[in-house]
Structure formats: structure tokens, C-alpha cells
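Peer 1: Fold the following, please.
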Amino acid sequence: MSPAPDGRVGRVIQRMAGSAAFAKIAPRVVPPLDRAVHRLTGGRVMLTAGMLPAVVLTTVGRTSGQERRAPLATLPRDDGSFLVVGSNFGRAHHPAWTANLLANPEASLSYRGHDIPVTAHLLDAAEKAEVWPLLTTMWPTYDRYVERSGRDLRVFRLTPH
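Peer 2: Just a heads-up that it's a prediction; the model follows:
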């Protein structure tokens, strides 16, 4: 597990990432940049992966039926699965990719240049309580996202098949 960014720079990044201003700007800037760098490097590099483990999750749009790609922080697990959090930068609504997974749990992810078909499982309250401390150790800002958004963040386990 990669720890949260440490030191002074890490604290500044986390404080900034937890701010309301960041929640307004970041969704328009960070995912498009991550998708572009990911595409240009054949899936080997993502900007956010310099701070946290990251994947590009491909889901099928529940309404459009078209592929949708979302760059996400992830917590890779020893069993080969990946945990992802529907934080949406702490905004009030759940990100679309979470609704797409609820409608169709079959998806794929790109991790370190490898494309991996996965099945998503929304964690129930007990499962989430078990992994939440691991997720907030990786990215303490998740707790701030919960406070600011006022919602129960969806956490999924993505299991390769």
C-alpha cells in the first residue's frame, strides 16, 4: 500500500485537495489531464500516481451505453483486487462511474500499463468499516470529503476475472 503523500508537501496537497475551491476546479482539470497522460503513455503513467496508486476505470454508461473512463485513486490489495472510493472530490453527488457500476458491475481497469477485466462489488457497511481505516491512511482527505459532501461515499472492490 502506498502511503499518503508525506511531509510538508503532502500536507499542503491534502489540505488543498480537501478544500471546497479544489472540489469546484479539480473535476474539470485533473481527470482530463490524467486521461491524456495515460493515453499518451500507453497506460504506463498517470499524473496522480505520483501521489497515490491510480487506475483508469472503464465502465459502460448506464444511460448512453458508451464506454466511460474515470481516472481514480486506488488501493491495490494483496488478493489482486482494487478498492476505489466514489469521493467525487467531496462534491454533493455521487460520481457517475459509481452509478454505472451499480447498473453493470462488469468493467475494466488500466493499471501500470495492464488492462484488467474486473467485476465490481459495492461494499456493505461492515465491509466498508473494515477497509475505511486503510483508505484514509492512504488518503486522509476522504474523511473531509465525507464531511463536506454530507453523503456516504460508495466504496467498491474491483476483482479481476
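Peer 1: Just give the number of residues close to the nearest residue to A26 once chain neighbours are set aside.
Peer 2: Distances taken as Cβ to Cβ, 6 or more residues apart in numbering put F89 closest to A26, at 5.1 Å, once the chain neighbours are dropped. In this view, the C-beta of every residue, glycine as well, is placed from N, C-alpha and C. Look at F89: counted by other Cβ atoms under 10 Å, it has 21 neighbours.
Peer 1: So F89 versus R112, what's the distance?
Peer 2: 24 Å (Cβ to Cβ, to the nearest Å).
Peer 1: Mind checking what helix or strand follows the helix ranked longest in the chain in sequence?
Peer 2: With secondary structure taken from DSSP state H, the chain has its longest helix at helix 20-40. Remark: after helix 20-40, the chain's next helix or strand is strand 54-60, criterion DSSP states H and E.
Peer 1: ok now stretch 36-52, how far from the chain's centre?
Peer 2: Put simply, stretch 36-52 sits 14 Å off its chain's centre (Cα atoms, centre = their mean, to the nearest Å).
Peer 1: Likewise for stretch 142-157?
Peer 2: 12 Å.
Peer 1: Can you give me the first-to-last residue distance of that stretch?
Peer 2: 16 Å (Cα to Cα, to the nearest Å).
Peer 1: Show me the contact partners of it.
Peer 2: 18, 20, 23, 77, 81-94, 98, 101, 120-123, 127-128, 131-132, 135-136 (Cβ atoms under 8 Å, 6 or more residues apart in numbering).
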